[in-house]
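In: Prediction below, plus the sequence it came from.
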Protein chains: 2
Amino acid sequence: MPTERSYHHGDLRRAVLTAALDVIATEGPAALSLRDLARRAGVSHAAPAHHFKDRAGLLTAVATEGYGFLSAALGEAEDLRDLGVRYVGFAAAHPAHFQIMFRPELLRPDDSELLAARQQTRSMLRTAVQGHGEDPAVSFMAAWSMAHGFATLLLSRNLDDLLDGRDPEDTFGALAGVMFGPTGSPWS
Amino acid sequence: MPTERSYHHGDLRRAVLTAALDVIATEGPAALSLRDLARRAGVSHAAPAHHFKDRAGLLTAVATEGYGFLSAALGEAEDLRDLGVRYVGFAAAHPAHFQIMFRPELLRPDDSELLAARQQTRSMLRTAVQGHGEDPAVSFMAAWSMAHGFATLLLSRNLDDLLDGRDPEDTFGALAGVMFGPTGSPWS
DNA sequence: CTTTAATCTTGTCAATGACTAGATCGCGCT
DNA sequence: AGCGCGATCTAGTCATTGACAAGATTAAAG
């Protein structure tokens, strides 16, 4: 299968990005090599640099894309519990994005697109938690911690035996129901 | 300031371990270089390999030590809320350990000491949650997710503006009180 | 005091990230 | 149509790194 499109690749940026997501999801970000990604895309070892500048640039692009996906997913949430389920669902569906998004030392901290995308997601979470609980900040942290912790433990394979085959999203829904549920607590 | 103890260092293993914790806590595990650690300890570039074999060996040692510390901290917990506060306190006091412990792709997955230490911590968490809630597995996941999520978000600096100067442990205590508190819910 | 094993050093190799200079190509402009 | 310019990609280089091998030094056991 010679995909030799000659000199220009056509969509190298997306090809590298996709390959990176594959590597990160299976072997983690530490195993990521720009030269390997170039090899997979069939281009020279320095080609990716033109699209991402360097390693941090690539990962920043991944994180930015991730925040976009997450915002989209959260936007369709019907209630607070559904919001959490979607948060967990995003982590399960896009593990590479999710991991990179919360690894600030690998990213360009002042990238404007990243900051904007992150801020967008943040405000969506905030407004969704609005009206629940007494102290908004506390309620926000509680809900976020819950969903984020579940997602993180899930991806680090720490819930495997606890889940025991059950669907992670369903399980989180049940789990959140116990705490945010209609009965008791300031979570209605 | 020649610390030239001659040929043998004396306690190279601990020196490398400590230097590694420093680097990981400030720049993350990706910035860790075995050769740099050797330089800091004033030994040749291959000396650390004798103690840890390779990079994964070093990080496995870090994780194992971390589980030991965490078990010790959790052992003194008085109730479920205190357990969570101690979990968060451990993450804040030993950020390098905490991070590495939950990055399986960087560790030797079959290291016996690591597995034992992890199992020890796990069983402590389990027994502490015993008797709370209906489904033990669900209760366990709920409590763990909460504490782990808060700790993770804290270390990734995602709670900075929400915390706004408040003490993380105190805040988590209040936060857990809202959910696990004496009123409502199956958490007593 | 001698043997022995642990500890550390020196030397080496392939792989990598980052950088530079130059080649090739596609697209808009006239 | 054809020209030029900027975007895209290649080729070459350098310092750094992880891993390994072989040998030097030393502490400690016998």
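Out: Structure's in. What do you need? All values reported here derive from a predicted model rather than from experimental measurement.
In: What residues sit buried inside stretch A:80-89?
Out: Residues of stretch A:80-89 classed as buried by neighbour count (16 or more other CB atoms under 10 Å in any protein chain shown): A:80, A:81, A:82, A:83, A:84, A:85, A:86, A:87, A:88, A:89. Every C-beta, even on glycine, is put in place using the N, C-alpha and C of the backbone.
In: what about the fifth one, helix or strand, and which?
Out: Right, residue A:84. helix A:80-93 (DSSP states H and E).
In: Not including adjacent chain positions, what is the nearest residue to the spatially most central residue of chain A?
Out: Geometric centre of chain A, nearest residue: residue A:98, 2.3 Å, by CA atoms, centre = their mean. With CB to CB, 6 or more residues apart in numbering or on different chains as the criterion, residue A:98 has its nearest non-adjacent residue at 4.3 Å, and that residue is residue A:91.
In: and what of residue A:68?
Out: In space, residue A:68 is closest to residue A:117, 5.6 Å off (CB to CB, 6+ apart).
In: my guess is residue A:38 meets residue A:44, correct?
Out: Yes - between residue A:38 and residue A:44 there is a contact at 6.4 Å, judged by CB atoms under 8 Å.
In: Same drill for the two, tell me which one is more crowded.
Out: Legend: neighbour count by other CB atoms under 10 Å in any protein chain shown for residue A:38 and residue A:44, higher for residue A:38 (20 against 11).
In: Spatially nearest residue to that one, not counting backbone neighbours?
Out: residue A:45 is the one closest to residue A:38 (CB to CB, 6+ apart), at 4.9 Å.
In: so how many other residues sit close to the one you found?
Out: 13.
In: Helices of chain A, start to end?
Out: Ranges of helices in chain A, per DSSP state H, are A:12-27, A:34-41, A:47-52, A:55-75, A:80-93, A:95-101, A:112-129, A:136-155, A:160-163, A:168-180.
In: The helix holding residue A:84 - what's its average pLDDT?
Out: The average pLDDT for helix A:80-93 rounds to 97.
In: helices or strands up against that helix?
Out: Counting contacts by 3 or more CB pairs under 8 Å, 6 or more residues apart in numbering or on different chains; DSSP states H and E, helix A:80-93 is packed against helix A:55-75, helix A:95-101, helix A:112-129, helix A:136-155, helix A:168-180.
In: Which of these sits closest to residue B:12?
Out: helix A:55-75 (30.8 Å; CB to CB).
In: Low-confidence ranges, chain A, go.
Out: A:1-5, A:7, A:180-188 (pLDDT under 70).
In: And it, what are its domain boundaries?
Out: Domains of chain A are assigned by automatic domain parsing as A:1-52, A:54-180.
In: do the last one and DNA strand D meet at all?
Out: Spelled out, it's domain A:54-180. No - using CB under 7 Å from any atom of the strand, domain A:54-180 stays clear of DNA strand D, with a minimum separation of 12.9 Å.
In: any bit of that domain sitting next to DNA strand C?
Out: Yes - against DNA strand C, domain A:54-180 shows contacts by CB under 7 Å from any atom of the strand at A:54, A:55, A:56.
In: re the thing from before, residues in contact with the helix holding residue A:84?
Out: A:69-70, A:73-74, A:76-77, A:97-98, A:125, A:128-129, A:132, A:143, A:146-148, A:150-152, A:154-155, A:168-169, A:172-173, A:176-177, A:180-181, A:187 (CB atoms under 8 Å, 6 or more residues apart in numbering or on different chains).
In: which of the domains of chain A sits most buried?
Out: domain A:54-180 (a mean of 19; mean count of other CB atoms under 10 Å in any protein chain shown).
In: That one: how far from the chain's middle?
Out: 7 Å (CA atoms, centre = their mean, to the nearest Å).
In: Which residues are in contact with residue A:25?
Out: By CB under 8 Å, 6+ apart, the neighbours of residue A:25 are A:95, A:96.
In: if I look at it, how far off is residue A:66?
Out: 12 Å (CB to CB, to the nearest Å).
In: With residue A:132 instead?
Out: Relative to residue A:66, and taking CB to CB, residue A:132 is found at 26 Å.
In: Check residue A:15 too.
Out: Per CB to CB, residue A:15 is found 18 Å from residue A:66.
In: Same check on residue A:14?
Out: Distance of residue A:14 to residue A:66, given as CB to CB: 15 Å.
In: Equivalent analysis for residue A:56, please.
Out: Counting by CB to CB, the gap from residue A:56 to residue A:66 is 15 Å.
In: show me the contacts for residue A:66.
Out: Contacts of residue A:66 (CB under 8 Å, 6+ apart): A:94, A:97, A:98, A:100, A:101.
In: just checking, the third one touches residue A:150?
Out: Okay, so that is residue A:98. No - if you go by CB under 8 Å, residue A:98 and residue A:150 don't touch, sitting 11.9 Å apart.
In: one step back: ok, the contacts of residue A:66 vs DNA strand C, which is closest?
Out: Distance to DNA strand C across those (CB to the nearest atom of the strand) is lowest for residue A:100, with 14.5 Å.
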